[in-house]
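Novice: got a sequence here, can you build the structure:
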Amino acid sequence: QYSFKEVFGTLVVQKQLFDVVAKPLVEDLIRGKNGLLFTYGVTGSGKTHTMTGSPGDGGLLPRCLAMIFNSIGPFQAKRFVFKLDDKNGVDVQSEVEALLERQRREALPVPKTPAGKRQLDPEFADMINVQDHCRVEEVDEDNVYGVFVSYIEIYNNYIYDLLEEAPFESIKPKWNSCNTPVRNGDFVPPQSKILREDQNHNMYVTGCTEVEVKSTEEAFEVFWRGQKKRRIANTQLNRESSRSHSVFIIKLAQAPLDADGDNVLQEKEQITLSQLSLVDLAGSERTNRTKAEGNRLREAGNINQSLMTLRTCIEVLRENQLYGTNKMVPYRDSKLTHLFKNYFDGEGKVRMIVCVNPKAEDYEESLQVMRFAEMTQEVEVARPVDRPLCGLTPGRRLRNQAFREELSRKLELRGGPIGAEPEEQSAAELFFQSFPPLPSCELLDINDDQTLPKLIEALEQRHKMRQMLAEEFAKNVLAFKTMLQEFDSSVASKENYIQGKLAEKEKTITGQRTELERLEKKIKTLEYKIEILEKTATIYEEDKRNLQQELESKSQKLQRQASDKRRLEARLQGMVAETSLKWEKECERRVAAKQLEMQNKLWVKDEKLKQLKAIVTEPRAERPERPSREREREKPVPRSVSPAPAPSAPVAPLRPRRSRSAGERWVDHRPPGHVPTETLLQPHVPRAITVGAPSEKALARCDRYLLTHQELASDGEIQTKLIKGDVFKTRGGGQAVQFTDIETLKQESPTGRKRRSSPPDPDPAGDATDSEWTDVETRCSVAVEMQAGSALGPGYQHHAQPK
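Specialist: I've put the predicted structure just below:
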């Protein structure tokens, strides 16, 4: 089982996949952040279909393009306002320079960039016909935007430009049997591109063709033009198998408008350049399944090697983050990982779509793919991106549009600038009406001497009035100039004051920015330290749990050992007590036997003394014949003529044994811990029911009961006791057992047996015959009185002892 953030079924539509995976990346792209999206999986699992789509249902790439142009469509800059340089940067031009650039490009005899209004190729027209009109909310309307696309492929660990205007054939150059390229005069092989690092330590492809596009159709036409040049081949597993990793890069340049909201701000520092890379990885494959040979075999080896390098980089990043190490990530081992080094270092979000084919033949490869994909989820690579501060008032574009609309409306209402002439004429007429009127200048008589003097007088009055007005005008002009100078000086002083204040504010802002940068760096450092401490705390907690588990296991082991020790001590104490009791009984038995022997000796002495006394006192006669040893041996039992034992050591009479009938049944109770011995004599109970524990059911069916008990003898050997008893019914309807006797089975070493053939204190030589007869009789009487467990008998003893 493997866990992922989202799992899509086989019937999922492209729109649902786009909304979950690619839509957040497009939103980040318009907000100035980088993004990387690539498809990964076994060959033939649907990676290219996921990225490109099918007629009538576009994939992730056309949907990303449609969302971008739906969002920034009204705010796009004119073509060539943004101009990319050769060092992965972007410059901004004025509209005049952009117009000259467009005219110059139109004059060149090169194929023009495909326009959005031209007829679309029906081969891909259905793929970009997206009907949902998805767009990004809250687009900055005070910026202008420009979109640039480029398309490259990584083939055999070399980078090629798919948009390069050069003769290009995906199958050539052909290779002969010696694995050398065949010469072809008509074919110009494409030149591989070089990876370089810009001033911001971002990786880019040098000399790659980047086309500025203004619509979804134009961008996808550029993509389709490069797609036709991509290397594909027919294998055993896929009819159109991708033999290279393709990378479609979308760059979005955005710059703010000036304060009037009319033209682009001509400051390169205010330009934000973000990019979204859509990667269609070639599928991992096994050559024993694809049956690849020659070029296909070399291509498969390079594909698998680059994917293995990608996996190694992800594993090293994961190890560095989990354990706080600083191992070097081998980005340079492959062009694929080297190109996207910045993404893995944190310059943007990374999303991976794992394509799985449910074929049974792809089971092992799919497991490897999902195991790697699950592991990549634990790598965190995103980090915040600082955008340049513009400092201009937002809403400039809308205000400029509103101003233009209002100006146009006012001009329409007033009918144009001609409407101001009547007001000027009426003001002039009022000015001239303030002068004294001129008299009639018509001379009707040569002698008329009044008209000219009146005219001269009127003109002189007008001249005086004009001089007065001129002087007043001069005074007014001088006063106005003085007022203007005072106003200029006040304005200058205010400007100086404002400039000083602005300088102070700028210094304060600069200091605050420096402080903010310092605090941000400190925050990043503290966050990194916190992450390391959290990881260290996690490791310590894991060690603590392991040590606690080990401590618990060892404490349990110690408790078991202590309980075993207590059981062993209890067992040893029981054995010591049992051995002590046994030896006490043995000592008592030996003392009783010794007392009996001494009493028998005293009785023999008394008999001898009596016989001697009779011989001495009686007259001489024929000496009675002494009974021979054979006659003494024919006597019934020596015990019958022996005197009664002394009161200090009474001997209980033996209980007569019950005769065994043929119909008796036995309960043979053998405990589960019974140890088999190697003795020749083994207990055999006919017609017995063998049980491990006594049960009422078994006792009800039998007449006799036998318990086999084993214990350790004093010499260290195991002795087996057979405890026998009678079974009888009780008044309550149950069964009871009354034990009758015990049989002991024991094995001893022959070297430990001691047997005396003569009494310890022999009589004098004169009584040799009597002593020998007495010794035999004494030994026989002792043997009859001997109890079970005596060390004087044979090696294997079988005695009965009454209970």
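
Novice: pLDDT below threshold where in the stretch 201-350 of the chain?
Specialist: The stretch 201-350 of the chain contains residues with pLDDT under 70 at 232-241, 285-294.

Novice: what does the domain assignment say about the chain?
Specialist: 27-168+189-377, 451-561, 685-742 (the TED database).

Novice: so which of these is the most surrounded?
Specialist: Highest mean neighbour count among the domains of the chain (mean count of other Cβ atoms under 10 Å): domain 27-168+189-377, with a mean of 18. C-beta: built from backbone N, CA, C; applies to glycine.

Novice: now the end-to-end length of that domain.
Specialist: For domain 27-168+189-377, the first-to-last residue distance is 21 Å (Cα to Cα, to the nearest Å).

Novice: tabulate the domains of the chain (TSV), appending distance to Thr617.
Specialist: Conversion of the domains of the chain to TSV gives the following (distance: least, Cβ to Cβ, whole Å):
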stretch	distance to Thr617
domain 27-168+189-377	119
domain 451-561	82
domain 685-742	51
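
Novice: of all these, which one comes closest to Arg396?
Specialist: Closest approach to Arg396 among the domains of the chain is made by domain 27-168+189-377 (3.1 Å; Cβ to Cβ).

Novice: can you give the distance of that closest one from its chain's centre?
Specialist: Computed by Cα atoms, centre = their mean, to the nearest Å, the chain-centroid distance of domain 27-168+189-377 equals 29 Å.

Novice: mind listing the strands for the stretch 51-200 of the chain?
Specialist: Ranges of strands in the stretch 51-200 of the chain, per DSSP state E, counting those that start in this stretch, are 53-54, 57-58, 82-84, 90-92, 143-155, 158-161, 195-197.

Novice: take the ones you listed and lay them out in JSON lines including mean pLDDT.
Specialist: Formatted as JSON lines, the strands of the stretch 51-200 of the chain follow (pLDDT from 0 to 100):
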{"stretch": "strand 53-54", "mean pLDDT": "84"}
{"stretch": "strand 57-58", "mean pLDDT": "84"}
{"stretch": "strand 82-84", "mean pLDDT": "89"}
{"stretch": "strand 90-92", "mean pLDDT": "89"}
{"stretch": "strand 143-155", "mean pLDDT": "93"}
{"stretch": "strand 158-161", "mean pLDDT": "91"}
{"stretch": "strand 195-197", "mean pLDDT": "91"}
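
Novice: any chance of JSON lines for those strands, columns distance to Glu748?
Specialist: Shown next, in JSON lines, are the strands of the stretch 51-200 of the chain (distance: least, Cβ to Cβ, whole Å):
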{"stretch": "strand 53-54", "distance to Glu748": "97"}
{"stretch": "strand 57-58", "distance to Glu748": "98"}
{"stretch": "strand 82-84", "distance to Glu748": "108"}
{"stretch": "strand 90-92", "distance to Glu748": "108"}
{"stretch": "strand 143-155", "distance to Glu748": "91"}
{"stretch": "strand 158-161", "distance to Glu748": "94"}
{"stretch": "strand 195-197", "distance to Glu748": "94"}
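
Novice: of all those, which one is nearest Tyr363?
Specialist: strand 53-54 (26.6 Å).

Novice: sorry, back to before: out of the strands of the stretch 51-200 of the chain, the one nearest Thr482 is which?
Specialist: Closest approach to Thr482 among those (Cβ to Cβ): strand 90-92, 46.3 Å.

Novice: checking Leu706 next. Helix, strand or coil?
Specialist: Assigned by DSSP: H, G, I helix; E, B strand; the rest coil, the conformation of Leu706 is strand.

Novice: quick one: it and Thr730, what's the gap?
Specialist: According to Cβ to Cβ, to the nearest Å, Leu706 stands 20 Å off from Thr730.

Novice: got it, and Val316?
Specialist: 84 Å.

Novice: again with Glu472
Specialist: 156 Å.

Novice: now do the helix or strand containing Lys608, average pLDDT.
Specialist: Lys608 belongs to helix 451-617 when assigned by DSSP states H and E. Mean pLDDT, helix 451-617: 91.

Novice: from the contact counts, what lies against it?
Specialist: helix 295-323, helix 768-785 (3 or more Cβ pairs under 8 Å, 6 or more residues apart in numbering; DSSP states H and E).

Novice: ok, now with 6 Å
Specialist: The contact analysis (3 or more Cβ pairs under 6 Å, 6 or more residues apart in numbering; DSSP states H and E) places helix 451-617 against no helix or strand.

Novice: centre of the chain versus it, how much separation?
Specialist: On Cα atoms, centre = their mean, the centre of helix 451-617 falls 22 Å from the chain's centre.

Novice: angle of it against helix 295-323?
Specialist: The directions of helix 451-617 and helix 295-323 differ by 80 degrees, with axes from the mean of the first three to the mean of the last three Cα atoms, to 10 degrees as the criterion.

Novice: between the domains of the chain, which one is nearest to Leu413?
Specialist: Nearest of the domains of the chain (Cβ to Cβ): domain 27-168+189-377, 23.6 Å.

Novice: three-state assignment of Gly732?
Specialist: coil.

Novice: how far away is it from Asp564?
Specialist: On the measure of Cβ to Cβ, Gly732 and Asp564 end up 41 Å apart.

Novice: circling back to that earlier point, among the strands of the stretch 51-200 of the chain, which is nearest Glu269?
Specialist: strand 90-92 (10.4 Å).

Novice: just say helix, strand or coil for the residue of the chain positioned farthest from its centre.
Specialist: Within the chain, Asn447 marks the point farthest from the mean C-alpha position, 128.0 Å out by Cα atoms, centre = their mean. Per three-state DSSP, the secondary structure class of Asn447 is coil.

Novice: leaving aside the residues next to it on the chain, what's closest to the residue nearest the centre of the chain?
Specialist: Central residue of the chain (Cα atoms, centre = their mean): Glu378, 5.5 Å from the mean position. Excluding the flanking residues, the one nearest Glu378 by Cβ to Cβ, 6 or more residues apart in numbering is Arg318, at 5.4 Å.

Novice: follow-up on the earlier one: isn't there a helix covering the residue nearest to the centre of the chain?
Specialist: No - counting by three-state DSSP, Glu378 falls outside a helix, being coil.

Novice: out of the domains of the chain, flag the one nearest Gly574.
Specialist: domain 685-742 (9.5 Å).

Novice: was I right about Val26 contacting Cys64?
Specialist: Yes - counting by Cβ atoms under 6 Å, Cys64 is a contact partner of Val26 at 5.4 Å.

Novice: Cys313 and Arg409: what is the separation?
Specialist: Counting by Cβ to Cβ - Cys313 and Arg409 are separated by 62 Å.

Novice: show which residues not belonging to stretch 252-259 make contact with it.
Specialist: 29, 82, 90, 92, 142-143, 145-147, 264-265, 270-274, 390, 392, 396-397 (Cβ atoms under 6 Å, 6 or more residues apart in numbering).

Novice: OK, contacts around Glu101?
Specialist: Taking Cβ under 6 Å, 6+ apart, one finds Phe80 in contact with Glu101.

Novice: state the distance from it to Lys214.
Specialist: In terms of Cβ to Cβ, Glu101 sits 15 Å off from Lys214.

Novice: please apply the same query to Thr10.
Specialist: 37 Å.
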